[in-house]
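[1] all I have is the shape, not the residue letters:
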């Protein structure tokens, strides 16, 4: 945490903090403890607000949702379908088991953050997001139309269209890597594990749909890095971890994506306005400045006793935060 937190805090005034630790953050008490560890690890003088979340399980109770809402520091509850991604073994096996908790979230206006993939082994990994919309999102929206849902790190044209067509209770985050790359990036010259994430990169037509959504000016789409600080040895491994580390240079990557689309004028709302509006939080008062200037990323970064490889590590990128 001490190694990677400064990267996020340098670029962002706050962040939605994922709860998929070992063990997962399933209670308000655990979220409070995690929050204190984050604040204790901040460099002196750095202002950064961790927006905490709870990990939804089959056994999450309505009373826990009320405690989370009353805390003032837990801002959402996260769905990990069991087995869908990193540390999701304790995730939800059947969303119907969670309906009482979800009904309480709907009542309180607590956002529901979804990792939108089914885990049915019969479904191709590249189709799991589209199938999730049909099997999970559509029935959930029918049953709880006022539940605020963030479809996190969407990766397909189907998801982009679904969110665009939905009402004001549905939003979506998009990562920088899904705006910049398609699935070919994972296999250029061999397997490149630092481009492997879940949901996995998709075909070029899906990347183009995400860029169109992000640069559309729609308030439904906003920044979500999904940055994942896995040690180099667990990425370059026989069974490598899913996740891309972008916290070091996320805003530069987003600037590059929006610049490529001739839509730099849309970047500020995507990065700084739309998310707070959906979460009913005030906008940040501070600003950052980005300049079009080439610089070379470090190939590796310290991570406790080991190292981490940032996305594009060792490469030159076109934008730099001042």
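    Good, I have the coordinates. Being a predicted model, the structure only gives us computed values, none of them experimental.
[2] any idea which residue of the chain is furthest from its center?
    Largest separation from the mean C-alpha position in the chain: residue 189, at 27.9 Å (Cα atoms, centre = their mean).
[3] quick one: that one from residue 307, how far?
    Residue 189 sits 22 Å away from residue 307, going by Cβ to Cβ, to the nearest Å. All C-beta spots, glycine's among them, are computed from the backbone N, C-alpha and C.
[4] residue 29 too?
    Note on residue 29: its distance to residue 307, by Cβ to Cβ, is 33 Å.
[5] compare those two (neighbour count), which wins?
    Neighbours per residue (other Cβ atoms under 10 Å) separate residue 29 from residue 307, with residue 307 holding more: 16 against 12.
[6] can you pull up the bridge partners for that one?
    Residue 307 has these beta-bridge partners by DSSP bridges: residue 302.
[7] so residue 103 is in contact with residue 144, correct?
    Yes - Residue 103 is in contact with residue 144 according to Cβ atoms under 8 Å; the separation is 6.8 Å.
[8] of those two, which one has the most company?
    Comparing residue 103 with residue 144 by other Cβ under 10 Å, the one with more neighbours is residue 144, at 18 against 15.
[9] contacts only, for the more buried one.
    102-103, 106 (Cβ atoms under 8 Å, 6 or more residues apart in numbering).
[10] closest one of those to residue 136?
    Closest approach to residue 136 among those (Cβ to Cβ): residue 102, at 11.8 Å.
[11] my guess is that closest one meets residue 110, correct?
    No - counting by Cβ under 8 Å, residue 102 stays clear of residue 110, with 9.4 Å between them.
[12] need the residues touching each of the two.
    Common neighbours of residue 102 and residue 110, counting by Cβ under 8 Å, 6+ apart, are absent.
[13] check contacts around residue 56.
    77-80, 91-92, 98, 101.
[14] ok, which stretches of the stretch 151-300 of the chain are helices?
    157-165, 176-180, 204-214, 232-235, 250-260, 267-268, 274-279 (DSSP state H, counting those that start in this stretch).
[15] picking up where we left off before, if I look at the residue farthest from the centre of the chain, how far off is residue 195?
    12 Å.
[16] now the contacts of residue 56 in CSV, with pLDDT and neighbour count?
    Listed next are the contacts of residue 56 as CSV, based on pLDDT from 0 to 100; neighbours: other Cβ atoms under 10 Å:
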residue, pLDDT, neighbour count
77, 98, 26
78, 97, 23
79, 96, 23
80, 93, 26
91, 86, 22
92, 92, 24
98, 96, 21
101, 98, 23
